[in-house]
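In: What follows is a protein structure lacking sequence information:
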Ligand SMILES: Cc1ncc(COP(=O)(O)O)c(C=O)c1O
């Protein structure tokens, strides 16, 4: 694949077409919404934390393929992680998207999304779900 | 060759598009190894060599600050700058050059009218009438004004096709209405609004009215005397001119009654700490050193556009629109947003399985530049229940072959995202 289509690798298309963990957020979940003012996209995240671990995470909203696949892959990756580990994974992912770092410990599952670095304006699409995840997790992080 | 002007049925000369394309240096470049197909003219058009050269020529040969020097360069700059008022007057068929105020663009022109014309007459409970299809720049200045004065923003809805009805406008004019502000052509839907009739409604109720011509002035003949509007505004950068420059046309007696909007140099007659006397319009509204070379560039852009003949540009862009609309029907799952009977060369659409951003990225790889987003018209997006649309918008230099390139690339989007 070449040009613009190279952003849309099979994994991303698959997660866009059939997003994992895309379902109504449980009432018990800590919820947060991220909004991209440039395009109007929204991603809503719901997280249930049990014994300090992400026991359930799901999302909803309306967004482009990149943001949807990013949310789908992130929710899969974060499932079962401890809150501090989940937050630090978010940081690594955002840094990798921005191209300021390429953390070796970033899970392979998220790597297909790093292609966005080559496409003008699309990095913020991949990063959109992270804003909501961070906000939803913050209440469990003990920081505030 | 000639074509029929879709507005009034008269014959206009067909544009020599190949010749026009040679006037625009940027159209020679490639994007990702493909020839550039620039269809984002609604956001900003490209500039012909004569505009680039006019600006550069000012800096190279005669630049100095205006209105204040006794030396040769200042005189030359001043006369080149002031000559542009006459060009704008001709473009809009305004009665007088004194009615042409230079601003930073449409946004600033609207804010100026909001602060200097409308604000002084507002009392709590008064109403300002706009429509649901306005650009954010014709919504937010009024909201700020309402917050500051206790006035109320009243919004006229539009139909599924993207059209305003005059009954809907008329029924929202009340005893408390103080001002009407409406876009001439919608940037998100392409609708050409019945502004002549809306101005007539304003007249019947003794109201003043502004027309946002950002998407109209660059694409069709505009005659502010025939329209009888009180204010008409547009930006140079959508009319093949520089960024950061725009126009406010205002009827002279209204401008004369308005207080200044910013204070500074160039807008006064005399200043002392006891009392400052303001200059007459338009200088009253042009505080500080303006974008001198930018205004001169706008003058060259207006000359260029008028030489093409705005009616011929409109006919050409209408033909592109009709062709594109029929070709887009071949793309599975594509839906055009905005199906008004009267439309300018703006084509907004959504696709069933692909988000506008993803469409934009795939088209970009083929060198096709379109806009993907809410086009600063979020209420319009909400009206159609979409977060965003993809938008192709045409200019004088676009060709049928470029429409084919757009459509071919959209078929790729389908192949990739279709189920
Ligand atoms: C209809 C309309 N009004 C106002 C504006 C704002 O113009 P500017 O950003 O040049 O001030 C635009 C630009 O997109 C527009 O399309």
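Out: Received it, and whenever you're ready, just let me know what you need. All values derive from a computational prediction rather than experimental measurement.

In: Just give the nearest non-adjacent residue to residue A:129, would you?
Out: If the residues on either side of it in the chain are set aside, residue A:129 comes closest to residue A:71, at 3.8 Å by C-beta to C-beta, 6 or more residues apart in numbering or on different chains. All C-beta spots, glycine's among them, are computed from the backbone N, C-alpha and C.

In: give me the number of residues near that neighbour?
Out: The burial metric for residue A:71, expressed as a neighbour count using other C-beta atoms under 10 Å in any protein chain shown, is 31.

In: Need the residues that contact the longest helix anywhere in chain B.
Out: Secondary structure assigned by DSSP state H gives helix B:72-92 as the longest helix of chain B. Contact partners of helix B:72-92, identified using C-beta atoms under 8 Å, 6 or more residues apart in numbering or on different chains, comprise B:58, B:62-69, B:94-97, B:99-100, B:102, B:217, B:222-224, B:232, B:247, B:249, B:282, B:290, B:292, B:295-296, B:298-299, B:302-303, B:305-306.

In: hmm, try it at 7 Å
Out: The set of residues that contact helix B:72-92 without belonging to it, under C-beta atoms under 7 Å, 6 or more residues apart in numbering or on different chains, is B:58, B:62-69, B:96-97, B:100, B:222, B:224, B:232, B:247, B:249, B:292, B:295-296, B:298-299, B:302-303, B:306.

In: Repeat that for stretch B:242-252.
Out: Applying C-beta under 7 Å, 6+ apart, the external contacts of stretch B:242-252 come out as B:55, B:88, B:92, B:94, B:96, B:98-106, B:108-109, B:112-113, B:224, B:230-237, B:281, B:291, B:294-295, B:297-298.

In: how far does that stretch stretch from start to finish?
Out: With C-alpha to C-alpha, to the nearest Å applied, stretch B:242-252 spans 26 Å between its terminal residues.

In: Buried residues, it. List them.
Out: B:242-251 (16 or more other C-beta atoms under 10 Å in any protein chain shown).

In: Pull out the buried positions in the longest helix of chain B.
Out: Neighbour count says helix B:72-92 has B:74, B:76-78, B:80-81, B:84-85, B:87-89, B:91-92 buried, by 16+ other C-beta under 10 Å.

In: contacting residues for residue B:69?
Out: Contact analysis of residue B:69 by C-beta under 7 Å, 6+ apart lists residue B:75.

In: can you give me the strands in chain A?
Out: Secondary structure of chain A, counting by DSSP state E: strands at A:30-35, A:42-50, A:53-62.

In: Need those strands in TSV (columns: mean pLDDT, distance to residue A:121 and mean neighbour count).
Out: Output for the strands of chain A, formatted as TSV (pLDDT from 0 to 100; distance: least, C-beta to C-beta, whole Å; neighbours: other C-beta atoms under 10 Å in any protein chain shown):
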stretch	mean pLDDT	distance to residue A:121	mean neighbour count
strand A:30-35	95	16	18
strand A:42-50	96	17	21
strand A:53-62	95	18	20
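
In: Would you convert those into JSON lines that also reports distance to chain B?
Out: Putting these into JSON lines (distance: least, C-beta to the nearest C-beta, whole Å) gives the following:
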{"stretch": "strand A:30-35", "distance to chain B": "10"}
{"stretch": "strand A:42-50", "distance to chain B": "7"}
{"stretch": "strand A:53-62", "distance to chain B": "5"}
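
In: Tell me which of the ones you listed approaches the ligand most closely.
Out: Nearest of those to the ligand, taken as C-beta to the nearest ligand atom: strand A:30-35 at 21.1 Å.

In: tell me what that closest one is packed against?
Out: Here strand A:30-35 is seen to pack against strand A:42-50, helix A:123-138 when contacts are counted using 3 or more C-beta pairs under 7 Å, 6 or more residues apart in numbering or on different chains; DSSP states H and E.

In: could you redo those as JSON lines and give each row distance to residue B:153?
Out: Formatted as JSON lines, the entries for those read as follows, by distance: least, C-beta to C-beta, whole Å:
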{"stretch": "strand A:42-50", "distance to residue B:153": "25"}
{"stretch": "helix A:123-138", "distance to residue B:153": "30"}
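
In: Nearest to residue B:188 among these would be which one?
Out: Taking C-beta to C-beta as the measure, the helices and strands packed on strand A:30-35 were each checked against residue B:188, and strand A:42-50 came out nearest at 19.1 Å.

In: is stretch B:142-160 up against the ligand anywhere?
Out: No. Stretch B:142-160 does not reach the ligand (C-beta under 6 Å from any ligand atom); its nearest approach is 13.1 Å.

In: Show me what counts as buried in that stretch.
Out: Of the residues in stretch B:142-160, those buried by neighbour count under the rule 16+ other C-beta under 10 Å are B:142, B:145-146, B:149, B:151-152, B:154-156, B:158.

In: again, but for stretch B:400-413
Out: Within stretch B:400-413, the residues that qualify as buried are B:402-403, B:405-407, B:409-410, B:412-413, counting by 16+ other C-beta under 10 Å.

In: out of these, which are inside helices?
Out: Here DSSP H is the test, and the buried residues of stretch B:400-413 give B:402-403, B:405-407, B:409-410, B:412-413 as lying in helices.

In: and chain A, which residues reach chain B?
Out: On the criterion C-beta under 7 Å from any C-beta of the partner chain, chain B has as its neighbours in chain A the residues A:3-5, A:7-8, A:13, A:38-41, A:62-65, A:119, A:122, A:125.

In: from these, which would you call buried?
Out: Buried among the residues of chain A next to chain B (16+ other C-beta under 10 Å): A:3-5, A:7-8, A:13, A:39-41, A:62-65, A:119, A:122, A:125.

In: and those near the ligand, which?
Out: The subset of these lying close to the ligand, counting by C-beta under 6 Å from any ligand atom, is empty.

In: of all those, which comes closest to residue B:371?
Out: Set against residue B:371, the nearest of those by C-beta to C-beta is residue A:39 (10.4 Å).

In: What backbone torsions are found at the closest one?
Out: Backbone geometry at residue A:39, expressed as degrees, to the nearest 10, gives phi -120, psi -10.

In: Contacts only, for it.
Out: So, once contact is read as C-beta under 7 Å, 6+ apart, residue A:39 ends up touching B:357, B:372-374, B:387-388.

In: Distance check, the nearest residue to residue B:97 once chain neighbours are set aside against residue B:65.
Out: Counting by C-beta to C-beta, 6+ apart, the nearest residue to residue B:97 once its immediate chain neighbours are dropped is residue B:85, at 4.1 Å. For residue B:85, the distance to residue B:65 (C-beta to C-beta, to the nearest Å) stands at 18 Å.
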